[in-house]
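J.: model the structure of this input:
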Amino acid sequence: MHSLEEKITSRACPGDHVRHAHAVLYNILSWRDGSTRTPQFNTTAHNCPCEQRRTVCRKDPRDTSSVLLKTIRFMRSLPSFSQLPLADQLSLLGHCWVPLFVLGLAQEKIEFEVAPVPQSSILRQILLGPGFTESDHPTLAGVHRLTTCLHELRNLNLSTKEYAYLKGAMLFNPAIPGLSARVFIEGLQQEAQRALRDIVHLLYPEDSHRFSRILLTALSVQTINHGLVTEFFFKPVISNRNMLDLITEMLFCPMESQKNVLHINI
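T.: You can find the predicted model right below:
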């Protein structure tokens, strides 16, 4: 018995794979994060399971570690974060660094292009070792979700204060399991949300829906896969090192030593 996914793939892939691959890749390669519109995908090809699973990488792997540094320094700059129990700090760091990093990408207007990863051969898999699989790479569908979030954030044209309060509301997430100071963290999130609502009403008094749009966009940012961000932006830098170990070291090491953690010059 074949699974439903196998049946769908067998029906959709053979013809569509050849016919639409160039159109899909052309659209994603032609789109830059700094553009004023979302990337245009061929609907049929993008809905094809094999196209969604197509592995991709950054065409020009420019260094985005400066955005990560600013993300970590933002956490360190908050006295309310530093006063939390160590275990809670680590939990918030592990769960929230990716959403905060994505906000940083949008705020810094980081641009990137996407290129296809060549399909692996038997020889390539042997050389890379038994632990390597194609799923280790970001997929076209995953990167599309990321670029859509970035586009929505850029369309909001958030001010510096709006970004700061939104980051605070996303960092202090009481829904994370195992928090010992949950009530205190929930209060911090509510405080950040109130500050965000106040600044939104001050800057846009006639836009009664802006605050809701910001919160909805924040929810979509929180769905971005952590593995995708690690592989897409940091794999060339960290190789096989554990990303959570690295950002934990960055959080607690002296400020002047943070750049050395990733062994790069920023």
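J.: does the nearest residue to Ile199 once chain neighbours are set aside belong to a helix or a strand, and which?
T.: Nearest residue to Ile199, sequence neighbours excluded (CB to CB, 6 or more residues apart in numbering): Lys161, at 5.0 Å. (C-beta placed from N, C-alpha, C; glycine too.) Using DSSP states H and E, Lys161 falls within helix 160-171.
J.: ok, and what's touching the helix or strand containing Leu251?
T.: Of the helices and strands defined by DSSP H and E, Leu251 is found in helix 243-252. Here helix 243-252 makes contact (CB atoms under 8 Å, 6 or more residues apart in numbering) with 68-69, 72, 75-76, 89-90, 93-94, 97, 226, 230, 234, 238, 258, 261-262.
J.: among the residues you listed, which are located in helices?
T.: 68-69, 72, 75-76, 89-90, 93-94, 97, 226, 238, 258, 261 (DSSP state H).
J.: just the buried ones out of those, please.
T.: The neighbour count (16 or more other CB atoms under 10 Å) marks 68-69, 72, 75, 89, 93, 97, 238, 258, 261 as buried among the ones in helices among the contacts of helix 243-252.
J.: same list, those residues, but as TSV with pLDDT and distance to Leu244 please.
T.: Listed next are those as TSV, based on pLDDT from 0 to 100; distance: CB to CB, whole Å:
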residue	pLDDT	distance to Leu244
Leu68	94	13
Leu69	93	16
Ile72	95	12
Met75	96	14
Gln89	97	13
Leu93	97	8
Trp97	97	8
Ile238	82	11
Gln258	58	16
Val261	61	13
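J.: tell me the two of these that are most distant?
T.: Greatest spatial distance among these (CB to CB): Gln89 and Ile238, at 21.5 Å.
J.: which residue ranges of the stretch 51-200 of the chain form strands?
T.: Here the stretch 51-200 of the chain has its strands, by DSSP state E, counting those that start in this stretch, at 56-58, 114-116.
J.: nearest residue to Leu188 in space, please, no chain neighbours.
T.: Using CB to CB, 6+ apart, the nearest residue to Leu188 is Phe172, at 4.0 Å.
J.: if I look at the one you found, how far off is Ala106?
T.: 20 Å (CB to CB, to the nearest Å).
J.: more crowded one of these two?
T.: Using other CB atoms under 10 Å as the criterion, Phe172 and Ala106 rank with Phe172 on top: 27 against 22.
J.: OK, contacts around the more buried one?
T.: When contacts are counted by CB under 8 Å, 6+ apart, Phe172 touches 80-81, 92, 185-186, 188-189, 192.
J.: so what's the residue nearest to Thr64 when sequence neighbours are not counted up against?
T.: Spatially, and ignoring its direct neighbours in sequence, Thr64 is nearest to Phe233 (4.9 Å; CB to CB, 6+ apart). By CB under 8 Å, 6+ apart, the residues touching Phe233 are 58, 64, 101.
J.: for PyMOL, write a command that selects the buried ones of those residues.
T.: Selecting only the buried entries of those in PyMOL, with 16+ other CB under 10 Å as the criterion:
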select buried, resi 58+64+101
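J.: run a quick neighbour tally on the residue lying closest to Thr230 once chain neighbours are set aside.
T.: Nearest residue to Thr230 in three dimensions, chain neighbours excluded: Met243, at 4.6 Å (CB to CB, 6+ apart). The number of residues packed near Met243 is 20, by other CB under 10 Å.
J.: likewise for Tyr165?
T.: Neighbour count for Tyr165, taken as other CB under 10 Å: 23.
J.: do the same with the one 4 residues further on
T.: Taking other CB under 10 Å as the neighbour definition, Ala169 ends up with a count of 22.
J.: same check on Leu203?
T.: Neighbour tally, Leu203, other CB under 10 Å: 13.
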